[in-house]
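> Pasting a predicted model and its sequence here:
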Amino acid sequence: MNRELIFLRTFAAATAIGILTIGSMSFKKSGNRKFTEIDVERINIVEKDGTVKMVITNVAKFPNGNTLINNRPTNENRKKRSGMLFFNEDGIECGGFIYDGQKNEKGHSSGLSLTYDQYDGDQVMQLLTQDYQKGDKRYVSSSLAFNDRPAKESQLKTAEIMKELDALGQKDPKAMEEKIKAYEAQGLIGGVPRIMLGKTRSQNNGLFLFDDKGKPKAMFYVDKENHAKLDFFDDNGNVIASFPEKK
């Protein structure tokens, strides 16, 4: 009986040592691991110091709300979608790529967005496609847009301000509007389009230019009747010059 116990203990110890040795050797093996196919819900690309530089994720694991990345909160008002988020060397979100598409009771809705952000701010460049259908009518718009952002903008401060404005708007909408103007004057929130190249919802294809307040100033486009046009606008949005001239 004692001999059997000694044998079993020796065998168990030898087996454990063998497993540890094989496991240790496999982890120390140099070179890249190769996979023919892999299924995964989320991948975090990190630097050696642990800083997250990119997140590739499905819808369920898309970070928002109470999720912390690089010890910073993520945008809690953002809809969850499959795609990627980019982060700079300071661990601040600096852009992303998202997409979705599904049928609904009215038809379908789909879209794609690739954005790059101002440092510690919101997007200054966006590649955007929207495609939705209501009944028998289908609307498709695609554009490359460049925006101006406030000089003093920061993501954490903007999130704080948005919460304040949301709470104020539920009690006093007029006070909220005044507060928005005050924050915009301080350069803390805002942002306006400056250049847009692409196809609008009204089916005009062309180049659209805006002033520093986001108001249209010039458009060179082909309309849905295939007429080429060049229009210029005043500060009130009225056409002040057009080529070819209307007859």
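Perfect, I can see it now.

> From here on, just use CA atoms for contacts and neighbour counts.
OK.

> Tell me what the most centrally placed residue in the chain is bridged to.
With distances taken as Cα atoms, centre = their mean, the residue of the chain nearest its centroid is Gly96 (4.0 Å). Beta bridges link Gly96 to Leu85, Thr115, judged by DSSP bridges.

> start at 37 instead
Sounds good: first residue 37 from here, last item Gly132.

> quick one: it and Arg117 touch, right?
No - if you go by Cα atoms under 8 Å, Gly132 and Arg117 don't touch, sitting 11.1 Å apart.

> pLDDT score assigned to the residue nearest to the centre of the chain?
At Gly132, the pLDDT value in this model is 96.

> Tell me the buried residues in stretch 74-86?
Residues of stretch 74-86 classed as buried: Arg78 (neighbour count, 16 or more other Cα atoms under 10 Å).

> Going along the chain, name the strands of this structure.
78-82, 88-93, 104-105, 108-109, 118-123, 129-140, 143-153, 159-170, 173-184, 228-235, 241-246, 252-258, 264-269, 275-279 (DSSP state E).

> Tell me which strands the second one pairs with, and in which orientation.
In other words, strand 88-93. strand 78-82 (antiparallel), strand 118-123 (antiparallel).

> got a markdown table for those, with mean pLDDT and distance to Gln239 too?
Below are those laid out as a markdown table (pLDDT from 0 to 100; distance: least, Cα to Cα, whole Å):
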| stretch | mean pLDDT | distance to Gln239 |
| --- | --- | --- |
| strand 78-82 | 96 | 37 |
| strand 118-123 | 96 | 28 |
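
> Generate TSV for those strands, with distance to Asp167 as supplementary columns.
Output for those, formatted as TSV (distance: least, Cα to Cα, whole Å):
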stretch	distance to Asp167
strand 78-82	27
strand 118-123	17
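
> Identify whichever of those strands lies nearest to Lys210.
Between Lys210 and the strands paired with strand 88-93, the shortest gap by Cα to Cα is with strand 118-123, which sits at 35.6 Å.

> contacts for the closest one?
Strand 118-123 is contacted by residues 88-95, 98, 129-136 when judged by Cα atoms under 8 Å, 6 or more residues apart in numbering.

> for stretch 144-163, same thing?
128-139, 164-170, 178-185, 189-191.

> ditto for stretch 125-141
Here stretch 125-141 makes contact (Cα under 8 Å, 6+ apart) with 87-89, 105-106, 108, 117-124, 144-159.

> which stretches of the chain have low pLDDT?
Low-confidence segments of the chain (pLDDT under 70): 37-66, 283.
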